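[1] when you get a sec, could you give me coordinates for this:
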Amino acid sequence: MGKFSHKVARPGKSVIRKPARGLSVLALACMAGLTGAARADEELLRFERVVAQRQVQAAEAGAGQVAGEAPAGALSSSAQVLQAVRESLAPAAPSPRQPEPVLEFSRLPGSMLPASEPLQSVGVDGAEKPATAAPAPLQVDWAALALPAAGAVAEVPASPSEGELRDLFLTLVEAAAVRSPAVKRALAERAASEAEVSEAKGQRYPQVQLGAQGASWQSGGGNRDNGASLALDVTTPVFDWGRIRRTVESRRHMVNAAESALTAELETAAYDVSANLVELGKQRIIVSLGQRYVDRMSELVKMLEGIVAVDAGRVSELTQARARLLQAEAARSTAEAKARDIEINLRKLVGERPLPSLPESNQWHLGSPDLQWLLAESTNHPVVQQARAQARSADTQADAVRSSLLPQVNWVVSKSTADDAYGRESAWHTGLTLSWSAFRGGSGRAAERAARMRAEAGWMNAEQQVQDLEYRIRAGNQDARSLADRADLYRGLSIESNKVREAFYEQWYHLGRRTLLDVLSSETEHYSNQVGEVSNRFDGYQAVLRQYASAGALMRWLTAEKQ
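    Residues are numbered from 1 along each chain as shown. The predicted model follows:
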């Protein structure tokens, strides 16, 4: 191109210009320099690999601080190590100040340095010191900062069996049943219904009435004084068209309704306690996951604090890590608040008795029951039986009202101690009486019609309860299945996200191919996947309990092994 040219003077000879000879020498020198630089970079890379395998040793904490005292756990990144070695290989400049903290490197087999050369401590000022003169090295716990291996499996608590869960739930359910005001109210209503049955039965027996009359004075048509007297009336029903019998039957239906209401309250108390225990177990596991998330963010922050102490240009990464640490602490605090709320609800249900320790495993053996069996059991749910009993009671009461409108035959016995007009003592009177309310202004017919309509409303209420319970069971069954499948998907996603966060950490810390934001995002995503797995799985357990409660079989399931 004009720099290297020759001119043929005669055959077999060529003339090279002098400027071209000088440029050739310069090119050879540049090539030699590049070769030396490549060898130096290769040696530095070999030193960098050594740093990733051994602990970093530092000088005394107070010697040569860069930006304030560095923490004990301060670590240097690969780029910082390269920079320190390059500065150490540069020509040393005399300086009266104290040397900076030193970095020690171990030699790989086959190193470029002679094998007989002792290990030296290289300072950033270029001065080499014997190894014996170096201060005690700073011990760094690399295992605490490293992520677990991709194939490592953490110790998982044993999953509780279904029998253990039943015993755990039943203990608090019994305590809640004893304490619950709703259960006590249902007991009182049942006792009142039984008393009303006894009151209706008493109408079959003779009704005795006692009366008393004080002294009186009678004027007109002859004045005379009447002394004090007593009267006795005994009335016994003889024929009432089944009025008393239907009344007793109606009251017995109300007793059945009260009994069903009591069973329904027990089912409600059992579900409230069991569902709250499942929710408490979920929140406690989420708190544990949040604590591990916080610990990991704290480790990254400590690591970056050590790096920033050496390289102030990476303070933005420390800011990002601290922000994620605050987010982790907020998530953990939220889970702790929810756990405390659940504990308060349980205290309201069971009192101040100690709460049991729940299984720490995130998988419980709580399978969903057969759907067809649940649907068949739902037709005998306590609330359905209560509505049907109330409807029967209203229907029977309507028949009793109709019977009361017909003539009633009674046997009456009476006696009075008062004297008659002739001053003689009254005699005993006995005989049959017929009473009939021929006209009441339509009130009797209206009472009968009201009882009929009340019975019709009770039957419609029972049908509505059956329909609601059926679709509640179907929805619970669908939720249990879908939540269990979603939890399995989150579990698989958690395993994959764990591999991703391990890879991102290694690529960021050892290779520099990832940013710190990638590492923090992978940690957050892994935590979110773990929380998603636990939330969906325990929500599925609550759906299983909801199925039992909707079928009215929760108490039978809890006491299955006790019977």
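
[2] for the stretch 201-350 of the chain, what spans make up the helices?
    In the stretch 201-350 of the chain, the segments counted as helices under DSSP state H, counting those that start in this stretch are 243-310, 315-350.

[3] how about low-confidence regions in this protein?
    For the chain, applying pLDDT under 70 flags the ranges 1-157, 216-226, 420-423, 561-563.

[4] would you map the strands across it?
    Under the criterion DSSP state E, the chain contains strands at 6-7, 15-16, 120-122, 128-130, 207-213, 216-218, 224-226, 229-239, 408-416, 429-435.

[5] helices or strands next to the longest one in the packing?
    Going back to what we said before, that points to strand 229-239. strand 207-213, strand 408-416 (3 or more C-beta pairs under 8 Å, 6 or more residues apart in numbering; DSSP states H and E). Every C-beta, even on glycine, is put in place using the N, C-alpha and C of the backbone.

[6] got those as JSON lines, with distance to residue 457 and mean neighbour count columns?
    JSON lines is the format used below for the helices and strands packed on strand 229-239 (distance: least, C-beta to C-beta, whole Å; neighbours: other C-beta atoms under 10 Å):
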{"stretch": "strand 207-213", "distance to residue 457": "34", "mean neighbour count": "11"}
{"stretch": "strand 408-416", "distance to residue 457": "30", "mean neighbour count": "16"}
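
[7] now the ones you listed as CSV including distance to residue 352?
    Formatted as CSV, those follow (distance: least, C-beta to C-beta, whole Å):
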stretch, distance to residue 352
strand 207-213, 52
strand 408-416, 59
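
[8] ok, which of those strands comes nearest residue 239?
    Judged by C-beta to C-beta, the one of the helices and strands packed on strand 229-239 that comes nearest to residue 239 is strand 408-416, at 4.2 Å.

[9] now do the closest one and strand 429-435, the angle between them.
    Relative orientation of strand 408-416 and strand 429-435, computed by axes from the mean of the first three to the mean of the last three C-alpha atoms, to 10 degrees: 150 degrees.

[10] tell me the helices and strands packed up against strand 408-416.
    Judged by 3+ C-beta pairs under 8 Å, 6+ apart, strand 408-416 is in contact with strand 229-239, strand 429-435.

[11] so what touches that strand?
    Contact with strand 408-416 is made by 229-241, 243, 426-436, as judged by C-beta atoms under 8 Å, 6 or more residues apart in numbering.

[12] tell me the contacts of the closest residue to residue 185 other than its chain neighbours?
    Closest residue to residue 185 apart from its sequence neighbours, by C-beta to C-beta, 6 or more residues apart in numbering: residue 265 at 7.9 Å. By C-beta under 8 Å, 6+ apart, the contact set of residue 265 is 180, 182, 183, 185, 186.

[13] ok, residue 269 next?
    By C-beta under 8 Å, 6+ apart, the contact set of residue 269 is 173, 176, 177, 180, 182, 183, 349.

[14] helices of the stretch 451-563 of the chain, start to end?
    Using DSSP H, counting those that start in this stretch, helices in the stretch 451-563 of the chain cover 516-550, 554-558.

[15] just the residues contacting the last one, thanks.
    Counting by C-beta under 8 Å, 6+ apart, the neighbours of helix 554-558 from elsewhere in the structure are 166, 169, 170, 173, 263, 266, 267, 270, 271, 274, 545, 548.

[16] so what's the residue count around the first one?
    For residue 166, the tally of surrounding residues (other C-beta atoms under 10 Å) stands at 20.

[17] the nearest residue to it once chain neighbours are set aside: how many residues sit nearby?
    Of all residues not flanking residue 166 in the chain, residue 558 sits nearest, at 5.3 Å (C-beta to C-beta, 6+ apart). Number of residues near residue 558 (other C-beta under 10 Å) recorded here: 23.
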